[in-house]
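In: only the shape, not the letters, is given here:
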């Protein structure tokens, strides 16, 4: 059995960035993810907002990690070539909401966040399409947007290039500690290490219980979203929030890092894994969007989806377990978890350095930037086509994705092996037809490049095969 220094459980954005930080050191690390790709839980289904940190209670882990994480994010996304934009955010309110705006301003100042209270005329200069009832806003210029799943994938790719390992479809079944080592038994082998870092998101409390670590009660809330076509991107220039409530930051209107616009999320008590959307939830979004934004365009909705946030108490938990040794527990990473992830990852390295001689490697391998059709000049594209004809074959018409880009994704350090894994890496299937044109071609390319049959190619997780067989190849009862 291979012996390691660290086992990271969970391939969300926090786990991926921890693995990336570990790969820069002398510590030998592996990441275990129960699904067939990273970014398969909350990290693929959140708002993608890099919060400034003005609404976190001063002195909490949320406030500390949010502000530090925001400061780290903008260099990180450049290193990893991840779509992102520091577009700022506004919290808008009618005349009677000025007191709430002032309270947020006071929190922001205590947290060290750059914030400013604006009147209606000042707000309109930043966001011309706010509702007619809005009189005040809190402007945070350091907020922004990022692609959460591309950040997760890119961090994992770079970690692999620098010597870390990732094991997919490795659901944790048991953990045991003996002779100063942890053994983690999974559905895809057993692994031994000095330290376990539990950042399993919605499943983190269960992992804690399996390890005999501190027990935490977990609450789940579903967030439903509308996704609008990229043609709506010109109508929204910043992230628009209402005044927050006890349920969360409220239903926002925001651009995405890839050019779309989103409305949402709701905050509906639910169970782990409930990602089914409802008409009631969409009615709630419609009602609330109109309170802050005067020109919603539901005719341009191209997709709906839902994600589940995991809440453990009122703050993030990032610490060594008090009950078992060498077990770092990271629980309750709801909003602003994405914004906080870079800072949490660096803090985990500090925790390890309290007990281990952690040294930074020399000659780290940078993550190469993948070529994209939309970023190429005509001359560059023609030169590539001469070398490789697949650059001249557009597979996804909506997002202008070539066969060559799909092949790049399939042969990445962490390979894309499903239709949705290709989609997360290249955006093939994320346009207005949602894969109606390119889906079958992506399946064919995946089968050819991986050596699988077409019926073996999955859409995403679990038993999500799309094709049963070729026509007349087999007989099946209907």
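Out: Structure's in. What do you need? Model, not experiment: these values are computed from the prediction. Residues are numbered from 1 along each chain as shown.

In: give the burial count for residue 302, as a bare number.
Out: As a burial measure, residue 302 scores 18 neighbours (other CB atoms under 10 Å). No exception for glycine: its C-beta is placed from N, CA and C like everyone else's.

In: can I assume it is in contact with residue 432?
Out: Yes - the pair residue 302 / residue 432 is scored as a contact, 4.9 Å apart, by CB atoms under 8 Å.

In: what touches both of the two?
Out: Residues within reach of residue 302 and of residue 432 at once, by CB atoms under 8 Å, 6 or more residues apart in numbering, are residue 229.

In: low-confidence stretches in the stretch 201-350 of the chain?
Out: For the stretch 201-350 of the chain, the stretches with pLDDT under 70 are 247.

In: quick one: the helices in it, in order.
Out: 204-211, 279-292, 337-353 (DSSP state H, counting those that start in this stretch).

In: just checking, what packs against the last one?
Out: Going back to what we said before, that points to helix 337-353. On a contact count with 3 or more CB pairs under 8 Å, 6 or more residues apart in numbering; DSSP states H and E, helix 337-353 meets helix 13-23, strand 49-50, helix 61-80, helix 148-161, strand 317-320, strand 327-331.

In: could you spell out the sheet neighbours of the second one, each with its direction?
Out: Right, the one you point to is strand 49-50. Sheet pairing for strand 49-50, assigned by DSSP bridges, gives strand 144-146 (antiparallel).

In: and the strand it pairs with, what's its mean pLDDT?
Out: The pLDDT scores in strand 144-146 average 98.

In: hmm, who's touching that strand?
Out: With CB under 8 Å, 6+ apart as the criterion, strand 144-146 contacts 48-50, 73-74, 77, 82-89, 239, 254-257, 338.

In: one more: stretch 302-311?
Out: Taking CB under 8 Å, 6+ apart as the rule, stretch 302-311 contacts 41-42, 44-46, 201-202, 204, 218-229, 260, 265, 270, 272-277, 281-282, 331-335, 431-432, 434.

In: so how do I select the buried members of those in ChimeraX?
Out: Entered in ChimeraX, the line below selects the buried ones among those, by 16 or more other CB atoms under 10 Å:
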select :41,42,44,45,46,201,202,204,218,220,221,222,223,224,225,226,227,228,229,260,265,270,277,281,282,331,332,333,334,335,431,432
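
In: just the contacts of stretch 302-311: which are in strands?
Out: Judged by DSSP state E, strands contain the following of the contacts of stretch 302-311: 219, 220, 221, 222, 223, 224, 225, 226, 227, 228, 270, 331.

In: what is the nearest of those residues to residue 402?
Out: Nearest to residue 402 among the ones in strands among the contacts of stretch 302-311, counting by CB to CB, is residue 227 at 23.3 Å.

In: so the closest one sits right up against residue 258, yeah?
Out: No - applying CB under 8 Å, one finds residue 227 not in contact with residue 258, separated by 10.2 Å.

In: buried sites along stretch 6-22?
Out: 6-22.

In: ok, now stretch 320-339?
Out: 320-321, 324, 326-339.

In: just stretch 406-425 next, same as before
Out: 406-410, 412-425.

In: residue 299: how many residues sit nearby?
Out: 8.

In: could you tell me the end-to-end distance of stretch 119-130?
Out: 12 Å (CA to CA, to the nearest Å).

In: buried ones in it?
Out: Under 16+ other CB under 10 Å, the buried positions of stretch 119-130 are 120, 123, 126, 127, 130.

In: ok so, going back, only the buried subset of the contacts of strand 144-146, as a ChimeraX command please.
Out: Selection of buried members from those for ChimeraX, criterion 16+ other CB under 10 Å:
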select :48,49,50,73,74,77,82,83,84,86,87,88,89,239,254,255,256,257,338
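
In: ranges for the strands of the stretch 101-250 of the chain?
Out: 116-119, 136-140, 144-146, 165-167, 172-178, 181-186, 189-198, 219-228, 239-241 (DSSP state E, counting those that start in this stretch).

In: ditto for the stretch 351-478 of the chain
Out: 394-396, 401-402.

In: now the ones you listed in TSV, with mean neighbour count, distance to residue 442 and mean pLDDT?
Out: What follows is those, written out as TSV (neighbours: other CB atoms under 10 Å; distance: least, CB to CB, whole Å; pLDDT from 0 to 100):
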stretch	mean neighbour count	distance to residue 442	mean pLDDT
strand 394-396	23	7	97
strand 401-402	26	9	98
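
In: mind putting those in JSON lines, distance to residue 140 included?
Out: Shown next, in JSON lines, are the strands of the stretch 351-478 of the chain (distance: least, CB to CB, whole Å):
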{"stretch": "strand 394-396", "distance to residue 140": "35"}
{"stretch": "strand 401-402", "distance to residue 140": "34"}
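
In: so for residue 182, which of those strands sits nearest?
Out: strand 401-402 (41.8 Å).

In: just to check, residue 105 is in contact with residue 115?
Out: Yes - the pair residue 105 / residue 115 is scored as a contact, 5.5 Å apart, by CB under 8 Å.

In: overlap of the contact sets of those two?
Out: In contact with both residue 105 and residue 115: 54, 138, using CB under 8 Å, 6+ apart.

In: to residue 59, which of the strands of the stretch 101-250 of the chain lies closest?
Out: Going by CB to CB, the one of the strands of the stretch 101-250 of the chain nearest residue 59 is strand 136-140, 19.3 Å.
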